[in-house]
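Asker: coords below, sequence missing:
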């Protein structure tokens, strides 16, 4: 069956399914009567009413009422998620990431929205994988307009989910003693309209200013598609981001808090030396070497 005809057929089945539920729950009509009214097998009506299956197959109806979990999930999936419609007419939502705590957070949000627990798996390449099958959730997350109501209610969770997926603290700390310490928070994506929306959201709801910059094309990640950087560079805006939004990924949150603490205590001229006492650079990454938490004595 051609895909368009499949859509029409499935949509008609969904409308019949909705009528079955209304007759049963709103009018208290019996299964047998519903089956006769709609010319359906009694077993089909019974299975639909009891939730054993539906026109979409055996599935769980997600709760799309605005909630912190749904808002974070929307941000995370818009950033790092894959929405896949398979050739066998199934709808897959997939997240594949390197941070276990990020995968666990998204998995928990999926469980909350779907009303049933989900598990994180690890693939052969060492990435953490979360997979969910749901046409309703697939369609909800496919359209930015559909999630605006949730984002308006819970903006910090949405921005945090997107920042966990696409954001990071960016650090520059030269090796010389006089090197100035550079720090900013950056969110990277190829969808400039999405980044503009997030920029307006941070400004209107949290007073956080950011700058949108076009970055260099990166063949290994985006091929010929340009990427864009949403950069939070002023210290006051960074402090607001840390206080009102933050990262759920522990390694990102820790780096941000340490950088801000060093800047508060030492200023940009001396913070670099202190940063290098705590972190060591391996390739392009700063890896923490010393146990540290905000507020502790840096000389200990």
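Answerer: Everything's here; your move. Just so it is clear, the model here is predicted, and its values are computed rather than measured.
Asker: low-confidence stretches in the protein?
Answerer: 1-14, 26, 51-60, 88-89, 174-178, 216-224, 290-300 (pLDDT under 70).
Asker: can you list the domains in it?
Answerer: 3-50, 68-152, 161-288 (automatic domain parsing).
Asker: would you list those domains in TSV and tack on mean neighbour count and distance to residue 61?
Answerer: The way it works is simple: take the backbone N, C-alpha and C, and place the C-beta from them, glycine included. TSV is the format used below for those (neighbours: other CB atoms under 10 Å; distance: least, CB to CB, whole Å):
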stretch	mean neighbour count	distance to residue 61
domain 3-50	14	10
domain 68-152	18	7
domain 161-288	17	22
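Asker: okay if I get those domains as CSV plus distance to residue 62?
Answerer: Below are those laid out as CSV (distance: least, CB to CB, whole Å):
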stretch, distance to residue 62
domain 3-50, 15
domain 68-152, 5
domain 161-288, 16
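Asker: tell me which stretches of the stretch 1-150 of the chain form strands.
Answerer: Here the stretch 1-150 of the chain has its strands, by DSSP state E, counting those that start in this stretch, at 81-85, 91-97, 121-122, 128-133.
Asker: packing partners of the last one?
Answerer: The reference is to strand 128-133. Where contact means 3 or more CB pairs under 8 Å, 6 or more residues apart in numbering; DSSP states H and E, strand 128-133 is packed against strand 91-97, helix 100-114, strand 121-122.
Asker: ok, then the element right after the longest helix seen in the chain?
Answerer: Using DSSP state H, we find that the single longest helix of the chain is helix 250-278. Tracing the chain past helix 250-278, the next element assigned as helix or strand by DSSP states H and E is strand 279-282.
Asker: so what strands line up beside the helix or strand following that following strand?
Answerer: Downstream of strand 279-282, the next assigned helix or strand under DSSP H and E is strand 285-288. Note on strand 285-288: by DSSP bridges, its sheet partners are strand 279-282 (antiparallel).
Asker: can you give me how far the partner strand is from the chain middle?
Answerer: From the chain centre to the centre of strand 279-282 is a distance of 28 Å (CA atoms, centre = their mean, to the nearest Å).
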